[in-house]
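Trainee: The following block contains a protein sequence and its predicted model.
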Amino acid sequence: MVSTEHEVPLELIRDSPSLVTRFLSQLGVDPPKHTSLRVDSSALNETKVTEHHCDSVVLLLDGDKVVMAVIVEVQLRFEKDKVYDWFPYVANLWARRRCPTTLVVYAPDRKTARRYTAPIPIGHPGLTLTPLVIGPDAVPVITDPQVARESPELAVLSGAVHGDHNRDVLEAVVHALNAIEPSKTVVYVEYVAKRLSEAAKRELETLMTMIEPERHSIVAVTNYAAGQAETFRKMLLFTAEHRGFVLTAEMRAKITECTDPDKLEVWAQRAISAERLEDIFR
């Protein structure tokens, strides 16, 4: 299952493709002269025989001409078989776009980042793929509110990677949130919070009082719905177990993954009088 921690960095890049050229420069790659950037389709196959889908593709364009293609992969943990996907990704995109093609891997965990920097020998003489890895050390520590407002997507990444022990970084995140599309406020806050210690999460919650007034309702409504969902989820589990129902792993996953408070409330009410376990989820 695709997680928020996997998807949010990609959404940040879709919102601000210039993050890719910034990281390329930091990793020692000089991007070619270009006038614009564009997020491209992540489907890398020309036929339907074998499907190749990377996480994201960013194109650098000089006018209408594509001068460089960058594949972006997000890796939250080391998967030894993942490297076998990456050469087909690069080869397919290189053949389709007929321009220099680069693989960038975002790995916010330091150990994971280090493991993915290893060269991947393909077997043909002289053909080795070495991923360009964006680890924690490649993500700048952003504490200046003005910089955060000017580069809000980068500030969110900074908060997720460096915010655990730096209050100024978390404060910069809040300034960044004030510059991001309001509808994305909640998901970006959740993304940063998931990578923080409990103490840092509480600090972030305190700092959220600095958020612009028009965003308060979005955050409040989402938090209220999440609180309701958790209440009904606990009620459902308690009632089902109290009545002697034995929940399967699939049923427990269904309850845990459901975020709709109305649906969870209906299930909780049914659990009170249901004759069979299946009647709860009908």
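Mentor: Alright, I've got the coordinates.

Trainee: can you map out the helices along the stretch 151-282 of the chain?
Mentor: Applying DSSP state H, counting those that start in this stretch to the stretch 151-282 of the chain gives helices spanning 152-162, 167-177, 185-194, 198-207, 213-242, 249-257, 261-273, 277-280.

Trainee: Burial-wise, tell me which of those helices comes out on top.
Mentor: Mean neighbour count (mean count of other CB atoms under 10 Å) peaks for helix 152-162 among the helices of the stretch 151-282 of the chain, with a mean of 26. C-beta: built from backbone N, CA, C; applies to glycine.

Trainee: among the helices of the stretch 151-282 of the chain, which is nearest residue 144?
Mentor: helix 167-177 (6.7 Å; CB to CB).

Trainee: elements contacting the closest one?
Mentor: helix 145-150, helix 152-162, helix 185-194, helix 198-207 (3 or more CB pairs under 8 Å, 6 or more residues apart in numbering; DSSP states H and E).

Trainee: on that earlier part again, ranking the helices of the stretch 151-282 of the chain by mean pLDDT, which is last?
Mentor: Here the lowest mean pLDDT among the helices of the stretch 151-282 of the chain goes to helix 213-242, at a mean of 66.

Trainee: so how far is residue 276 from residue 122?
Mentor: Distance of residue 122 to residue 276, computed by CB to CB, to the nearest Å: 56 Å.

Trainee: And residue 167, by the same measure?
Mentor: For residue 167 relative to residue 276 (CB to CB), the value is 53 Å.

Trainee: Over to residue 87?
Mentor: Residue 87 sits at a distance of 52 Å from residue 276 (criterion: CB to CB).

Trainee: How about residue 123?
Mentor: 57 Å.

Trainee: rewinding a little: please convert the helices of the stretch 151-282 of the chain to CSV, extending it with distance to residue 106.
Mentor: Formatted as CSV, the helices of the stretch 151-282 of the chain follow (distance: least, CB to CB, whole Å):
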stretch, distance to residue 106
helix 152-162, 8
helix 167-177, 18
helix 185-194, 13
helix 198-207, 21
helix 213-242, 26
helix 249-257, 25
helix 261-273, 33
helix 277-280, 41
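
Trainee: closest one to residue 12 among those?
Mentor: helix 152-162 (4.0 Å).

Trainee: Residue 145 and residue 166: what is the separation?
Mentor: Separation of residue 145 from residue 166 (CB to CB): 14 Å.

Trainee: actually residue 59, not the one I wrote
Mentor: Residue 59 is 34 Å from residue 166, where distance means CB to CB.

Trainee: Neighbour count: those two, which is higher?
Mentor: Between residue 59 and residue 166, residue 59 has the larger neighbour count (other CB atoms under 10 Å), namely 20 against 17.

Trainee: quick check: mean pLDDT across the host helix or strand of that one?
Mentor: Secondary-structure assignment from DSSP states H and E places residue 59 in strand 56-62. Throughout strand 56-62, pLDDT has a mean value of 96.

Trainee: Next up, the contacts around residue 115.
Mentor: Contacts for residue 115 (CB atoms under 8 Å, 6 or more residues apart in numbering) come out as residue 78.

Trainee: separation between residue 86 and residue 108?
Mentor: Going from residue 86 to residue 108 by CB to CB gives 18 Å.

Trainee: ignore the last one, residue 17
Mentor: Using CB to CB, residue 17 is found at 19 Å from residue 108.

Trainee: Residue 18 now?
Mentor: Look at residue 18 and residue 108: by CB to CB, they are 20 Å apart.

Trainee: Same question for residue 132.
Mentor: Residue 132 sits 15 Å away from residue 108, going by CB to CB.

Trainee: wait, residue 40 sits on residue 54?
Mentor: No. Applying CB atoms under 8 Å as the test, residue 40 and residue 54 come out as separate, 10.1 Å apart.

Trainee: max-length strand in this protein?
Mentor: strand 65-74 (DSSP state E).

Trainee: how about that one: buried residues?
Mentor: Across strand 65-74, burial judged by 16 or more other CB atoms under 10 Å covers 66, 67, 68, 69, 70, 71, 72, 73, 74.

Trainee: Quick check: beta-bridge partners of the residue nearest to the third one when sequence neighbours are not counted?
Mentor: Excluding its sequence neighbours, the residue lying closest to residue 68 (CB to CB, 6 or more residues apart in numbering) is residue 60, at 4.2 Å. In this entry, residue 60 is beta-bridged to residue 37, residue 68, by DSSP bridges.
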